[in-house]
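Enquirer: Everything below, folded, please.
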Amino acid sequence: AAVRSGELPEDRLADAAGVELPAAHYDVITCLASLHHMPFATLTRFRDALAPGGRLLVLGCYAGHTYRDLAAVPVNAVARVAVYGTERARGIRTPPRKAPVRQPEMTLPRLRAESARLLPGSELRQLLFWRYLLTYTK
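Expert: Model (predicted):
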(Lines give C-alpha, C1' and ligand atoms only; values in the text may rest on other atoms or scores of the structure.)
Protein backbone atom coordinates (compact mmCIF):
# COMPACT_ATOMS: atom_id res chain seq x y z
CA ALA A 1 0.00 0.00 0.00
CA ALA A 2 1.24 3.49 -0.71
CA VAL A 3 -0.35 6.79 0.37
CA ARG A 4 0.81 10.37 -0.22
CA SER A 5 0.32 12.93 2.56
CA GLY A 6 -3.13 14.50 2.42
CA GLU A 7 -4.50 11.82 0.09
CA LEU A 8 -6.86 8.97 0.82
CA PRO A 9 -5.42 5.45 0.54
CA GLU A 10 -5.75 3.94 -2.91
CA ASP A 11 -6.19 0.22 -3.49
CA ARG A 12 -4.83 -1.12 -6.73
CA LEU A 13 -4.23 -4.68 -7.90
CA ALA A 14 -0.85 -4.76 -9.64
CA ASP A 15 2.44 -6.60 -9.82
CA ALA A 16 4.51 -4.67 -7.26
CA ALA A 17 7.74 -5.76 -8.94
CA GLY A 18 6.65 -4.35 -12.30
CA VAL A 19 4.11 -1.55 -11.75
CA GLU A 20 5.37 1.95 -12.52
CA LEU A 21 5.89 3.98 -9.34
CA PRO A 22 6.53 7.73 -9.46
CA ALA A 23 9.95 8.69 -8.08
CA ALA A 24 10.12 10.41 -4.67
CA HIS A 25 6.32 10.45 -4.38
CA TYR A 26 5.11 8.44 -1.36
CA ASP A 27 5.37 9.21 2.34
CA VAL A 28 4.76 5.58 3.40
CA ILE A 29 4.99 2.26 1.59
CA THR A 30 4.12 -0.97 3.40
CA CYS A 31 4.47 -4.67 2.61
CA LEU A 32 2.61 -7.20 4.75
CA ALA A 33 3.89 -10.78 4.37
CA SER A 34 4.29 -10.25 0.64
CA LEU A 35 7.93 -9.48 -0.09
CA HIS A 36 8.90 -13.17 -0.15
CA HIS A 37 6.57 -13.56 -3.16
CA MET A 38 8.71 -11.21 -5.29
CA PRO A 39 12.38 -10.54 -5.96
CA PHE A 40 13.94 -8.99 -2.86
CA ALA A 41 15.53 -6.30 -5.03
CA THR A 42 12.00 -4.90 -5.48
CA LEU A 43 12.86 -2.97 -2.32
CA THR A 44 14.94 -0.63 -4.46
CA ARG A 45 11.83 0.30 -6.46
CA PHE A 46 9.99 1.08 -3.22
CA ARG A 47 13.01 3.02 -1.88
CA ASP A 48 13.12 5.14 -5.03
CA ALA A 49 9.37 5.83 -4.83
CA LEU A 50 9.67 7.27 -1.30
CA ALA A 51 9.65 11.02 -0.83
CA PRO A 52 12.45 12.47 1.31
CA GLY A 53 11.71 11.45 4.89
CA GLY A 54 9.34 8.73 3.62
CA ARG A 55 9.12 5.38 5.42
CA LEU A 56 9.20 1.83 4.10
CA LEU A 57 7.72 -0.74 6.49
CA VAL A 58 7.95 -4.46 5.75
CA LEU A 59 6.47 -7.18 7.92
CA GLY A 60 7.94 -10.23 6.28
CA CYS A 61 8.64 -13.94 6.60
CA TYR A 62 12.05 -15.59 6.62
CA ALA A 63 13.23 -19.15 6.00
CA GLY A 64 14.84 -21.35 8.58
CA HIS A 65 14.58 -21.74 12.28
CA THR A 66 16.35 -19.90 15.04
CA TYR A 67 16.38 -20.87 18.70
CA ARG A 68 13.91 -18.05 19.32
CA ASP A 69 11.50 -19.52 16.75
CA LEU A 70 11.76 -23.00 18.23
CA ALA A 71 11.01 -21.63 21.70
CA ALA A 72 7.86 -20.00 20.31
CA VAL A 73 6.46 -23.23 18.81
CA PRO A 74 4.85 -24.46 22.07
CA VAL A 75 3.35 -21.00 22.66
CA ASN A 76 1.85 -21.08 19.16
CA ALA A 77 0.44 -24.57 19.75
CA VAL A 78 -1.20 -23.49 23.03
CA ALA A 79 -2.68 -20.41 21.35
CA ARG A 80 -4.10 -22.50 18.49
CA VAL A 81 -5.67 -24.98 20.93
CA ALA A 82 -7.19 -22.09 22.93
CA VAL A 83 -8.69 -20.51 19.80
CA TYR A 84 -10.02 -23.89 18.61
CA GLY A 85 -11.51 -24.63 22.03
CA THR A 86 -13.16 -21.21 22.23
CA GLU A 87 -14.65 -21.58 18.75
CA ARG A 88 -16.00 -25.05 19.53
CA ALA A 89 -17.53 -23.81 22.81
CA ARG A 90 -19.31 -21.06 20.88
CA GLY A 91 -20.42 -23.44 18.13
CA ILE A 92 -18.27 -21.73 15.50
CA ARG A 93 -16.93 -24.02 12.82
CA THR A 94 -14.66 -21.90 10.65
CA PRO A 95 -13.26 -23.87 7.73
CA PRO A 96 -9.54 -23.34 7.26
CA ARG A 97 -8.65 -20.71 4.68
CA LYS A 98 -6.78 -21.82 1.59
CA ALA A 99 -4.72 -18.76 0.73
CA PRO A 100 -1.94 -19.05 -1.86
CA VAL A 101 1.26 -19.83 0.00
CA ARG A 102 4.88 -19.54 -1.02
CA GLN A 103 7.52 -20.45 1.50
CA PRO A 104 10.17 -17.79 2.09
CA GLU A 105 13.61 -18.66 0.74
CA MET A 106 15.83 -16.07 2.44
CA THR A 107 17.26 -16.76 5.89
CA LEU A 108 17.36 -14.04 8.53
CA PRO A 109 21.15 -13.45 8.16
CA ARG A 110 20.79 -13.12 4.38
CA LEU A 111 17.84 -10.73 4.80
CA ARG A 112 19.95 -8.59 7.14
CA ALA A 113 22.83 -8.48 4.65
CA GLU A 114 20.65 -7.71 1.62
CA SER A 115 18.63 -5.09 3.50
CA ALA A 116 21.82 -3.33 4.61
CA ARG A 117 23.13 -3.42 1.02
CA LEU A 118 19.94 -2.20 -0.68
CA LEU A 119 18.66 0.11 2.07
CA PRO A 120 21.62 1.63 3.94
CA GLY A 121 20.52 2.72 7.40
CA SER A 122 17.56 0.32 7.49
CA GLU A 123 16.75 -1.70 10.61
CA LEU A 124 15.66 -5.33 10.59
CA ARG A 125 14.20 -6.82 13.79
CA GLN A 126 13.43 -10.49 14.32
CA LEU A 127 9.89 -11.21 15.52
CA LEU A 128 8.27 -14.45 16.61
CA PHE A 129 7.08 -17.19 14.28
CA TRP A 130 9.50 -16.66 11.39
CA ARG A 131 8.62 -12.99 10.94
CA TYR A 132 10.73 -9.85 10.74
CA LEU A 133 10.09 -6.11 10.71
CA LEU A 134 12.17 -4.07 8.28
CA THR A 135 12.02 -0.29 8.61
CA TYR A 136 13.72 2.27 6.41
CA THR A 137 13.54 6.06 6.31
CA LYS A 138 14.71 7.79 3.14
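Enquirer: Kindly list the longest helix within this protein.
Expert: Among all segments of the chain classified by DSSP state H, the helix with the greatest residue count is helix 67-90.
Enquirer: Downstream of that one, the next helix or strand is which one?
Expert: Toward the C-terminal end, the helix or strand that comes next after helix 67-90 (DSSP states H and E) is helix 108-118.
Enquirer: Tell me what angle that following helix forms with helix 67-90.
Expert: On the basis of axes from the mean of the first three to the mean of the last three Cα atoms, to 10 degrees, helix 108-118 is oriented at 110 degrees to helix 67-90.
Enquirer: The following helix or strand past helix 108-118: how far from the chain's middle?
Expert: Using DSSP H and E, the next helix or strand after helix 108-118 towards the C-terminus is strand 123-127. Relative to its parent chain, strand 123-127 has a centroid offset of 11 Å by Cα atoms, centre = their mean, to the nearest Å.
Enquirer: Direction included, what does strand 123-127 pair against?
Expert: strand 131-137 (antiparallel) (DSSP bridges).
Enquirer: burial measure for residue 128, as a count.
Expert: Applying the criterion other Cβ atoms under 10 Å, we find 12 residues in the vicinity of residue 128. For the C-beta atoms, the positions are set from N, CA and C on the backbone; glycine is no exception.
Enquirer: ugh, wrong one, I meant residue 115
Expert: Applying the criterion other Cβ under 10 Å, we find 22 residues in the vicinity of residue 115.
Enquirer: Repeat that for the one 5 residues further on.
Expert: Around residue 120 there are 9 other residues, counting by other Cβ under 10 Å.
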